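> give me a model of this one.
(2 chains)
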2 protein chains.
Amino acid sequence: MSVVVVGSVAYDGVETPHGRVDRMLGGACTYISLAASYFAKTKIVAVVGDDFAKEDEKLLADHAIDLEGLERVPGKTFFWAGVYSDDMNDRTTLRTDLNVFADFKPKLPASYRESPYLVLGNIQPALQRSVREQMNGLRLAGGDTMNYWIKDYRAELLDTIRQWDFLLINDAEARMLSGEYNLKRAAAKIFEMGPQTLVIKRGEYGAILFRPDGHFIVPGYLLEEVFDPTGAGDCFAAGLAFALGAGLEGLQALDFAAQCGAGALAGAGVHAERVPLP
Amino acid sequence: MSVVVVGSVAYDGVETPHGRVDRMLGGACTYISLAASYFAKTKIVAVVGDDFAKEDEKLLADHAIDLEGLERVPGKTFFWAGVYSDDMNDRTTLRTDLNVFADFKPKLPASYRESPYLVLGNIQPALQRSVREQMNGLRLAGGDTMNYWIKDYRAELLDTIRQWDFLLINDAEARMLSGEYNLKRAAAKIFEMGPQTLVIKRGEYGAILFRPDGHFIVPGYLLEEVFDPTGAGDCFAAGLAFALGAGLEGLQALDFAAQCGAGALAGAGVHAERVPLP
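Residues are numbered from 1 along each chain as shown, chains lettered A, B, ... in the order given. Next up is the predicted model:
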């Protein structure tokens, strides 16, 4: 089983009630691929600048992640900084520097094109679509998006998700995308846009998986320590794609994904102890 | 199986995003006993004023609720008014008129004293304790409280819940009572106060049942229409007491309670269509 992951490989500045880290390896592609590396041959598509540290590249390589699709170009790596609320259920973005991501045109290595699975981290819908179009014989494709694309790039986003099997967003995003407050009605509208599996991420409260014929809900795992939620949704995405790809039933797939997400909460950044081991 | 229910029988003024009702039958005792009446012989202890309407008394009597412990005194019935937030996960109290409840000294009819089950709605801890002390041979007792009693009547509340088997509160109340933010650690502190079953109500997200040897979580039922959440926690309490009393396992008890709670959401007030039929 091999999976292609596209998204940001980034440096993050993160502040939680437990502490602050000014700069550490992060990004959706990083988290998704680290989690996915535990159960699938993982191939990433992303771009980094010439400031990307050797040890960060080594961390990815040590997880046997295929880096052929990781472009290195002059300039700075994508940077994101944010601060979490006291209960860590909300976060505020303090800074987003696209840097080398601004001009990124993903070109898939030939060795990637036949992979059956594709997970699209939250980046520009046009980039997500371009990767999807370069692949042949996909059995399952899906991913994440956010309020910014839903609001200001709606047509482009709708063009993109039309070809996805699953869409993975939070409740506020589902409401914004569908124009429906009630989540059952929001799901019905989103099925008309393409994806026939909609997963609503609810943070500490778990997740809901909607399909046209019904829905499943799992509560989130209750942990004694939650250090840094960054990347939890991405690790959840990796687990979900694996579980759906492996043919697990809805409830089992969702629970497996929730375990992967919970595995990301215990430490800051991508330190070994926070990589999920479901 | 017979259950004694104590708490407020009240008139409520409720505003939700779906509409407003200036005055309707409400109160914790009302909701708990209506829900409990579907599966147990239910006996209530409460006080109403001389404004208490014949048709409201008839509604309770039609559910075969034993009204021997319902005192009628000169004055006005307890009145509460509140407004719900747009997502109905929060509410603000606009008015609380204790009225006849201010001087209420519950006296249990002899026919109530041997009931094996007691559910204590959210009222003054001293009243809850007084009812508990008038009962003999209880097999299960527990109930609800709120931030006001936790903050300003702490010693009295601790004296009261020491004798309870279960405590049913929301996450903010558990944090306030225990002084611990993390819910697992909050539960450990609360076990030391007496109750060996702690149920955390999480509104639309469901509930967690903690016992010293572990915990269970259920998600809330996802409904297409949520009209008025008033009383949902009380109907949940009735279902929980019945399920624990009937010897259901933790997860089954919690799920049964969640069904009873969900049954209270569909209409305004105590209209027939919102009484739970799990």
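
> and for the closest residue to chain B within the stretch 51-200 of chain A, the neighbour number?
Ranking the residues of the stretch 51-200 of chain A by distance to chain B (C-beta to the nearest C-beta) places residue A:184 first, at 5.2 Å. For every residue, glycine as well, the C-beta is placed using N, CA and C. Applying other C-beta atoms under 10 Å in any protein chain shown, we find 14 residues neighbouring residue A:184.

> how about it, nearest residue that isn't a chain neighbour?
In this structure, residue A:184 finds its nearest non-sequential neighbour in residue B:224, 5.2 Å apart by C-beta to C-beta, 6 or more residues apart in numbering or on different chains.

> the one you found: what's it in contact with?
Listed by C-beta atoms under 8 Å, 6 or more residues apart in numbering or on different chains, the contact set of residue B:224 reads A:182, A:184, A:185.

> low-confidence stretches in the stretch 51-200 of chain A?
Judged against pLDDT under 70, the stretch 51-200 of chain A has no low-scoring part.

> thought residue A:101 was touching residue A:78?
Yes: assessed by C-beta atoms under 8 Å, residue A:101 is found in contact with residue A:78 at 4.6 Å.

> for residue A:96, helix, strand, or coil?
strand (DSSP: H, G, I helix; E, B strand; the rest coil).

> run through the bridge partners of the residue nearest to it when sequence neighbours are not counted.
Closest residue in space to residue A:96, ignoring its immediate chain neighbours: residue A:80 at 5.5 Å, by C-beta to C-beta, 6+ apart. In this entry, residue A:80 is beta-bridged to residue A:12, residue A:96, by DSSP bridges.

> which parts of chain A are strands?
Here chain A has its strands, by DSSP state E, at A:2-6, A:10-16, A:19-26, A:41-48, A:70-72, A:79-84, A:91-97, A:117-120, A:140-144, A:166-170, A:197-201, A:207-211, A:214-218.

> output those strands as a markdown table; include the columns mean neighbour count and distance to residue B:50.
What follows is these, written out as a markdown table (neighbours: other C-beta atoms under 10 Å in any protein chain shown; distance: least, C-beta to C-beta, whole Å):
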| stretch | mean neighbour count | distance to residue B:50 |
| --- | --- | --- |
| strand A:2-6 | 27 | 71 |
| strand A:10-16 | 22 | 56 |
| strand A:19-26 | 16 | 61 |
| strand A:41-48 | 25 | 74 |
| strand A:70-72 | 17 | 79 |
| strand A:79-84 | 18 | 54 |
| strand A:91-97 | 12 | 54 |
| strand A:117-120 | 28 | 67 |
| strand A:140-144 | 24 | 61 |
| strand A:166-170 | 24 | 52 |
| strand A:197-201 | 25 | 50 |
| strand A:207-211 | 22 | 49 |
| strand A:214-218 | 18 | 47 |
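
> just put those strands in JSON lines and tack on distance to residue A:54.
Below are these laid out as JSON lines (distance: least, C-beta to C-beta, whole Å):
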{"stretch": "strand A:2-6", "distance to residue A:54": "21"}
{"stretch": "strand A:10-16", "distance to residue A:54": "14"}
{"stretch": "strand A:19-26", "distance to residue A:54": "12"}
{"stretch": "strand A:41-48", "distance to residue A:54": "12"}
{"stretch": "strand A:70-72", "distance to residue A:54": "11"}
{"stretch": "strand A:79-84", "distance to residue A:54": "18"}
{"stretch": "strand A:91-97", "distance to residue A:54": "22"}
{"stretch": "strand A:117-120", "distance to residue A:54": "26"}
{"stretch": "strand A:140-144", "distance to residue A:54": "29"}
{"stretch": "strand A:166-170", "distance to residue A:54": "32"}
{"stretch": "strand A:197-201", "distance to residue A:54": "33"}
{"stretch": "strand A:207-211", "distance to residue A:54": "36"}
{"stretch": "strand A:214-218", "distance to residue A:54": "39"}
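
> for residue B:231, find the nearest of those.
strand A:214-218 (22.6 Å; C-beta to C-beta).
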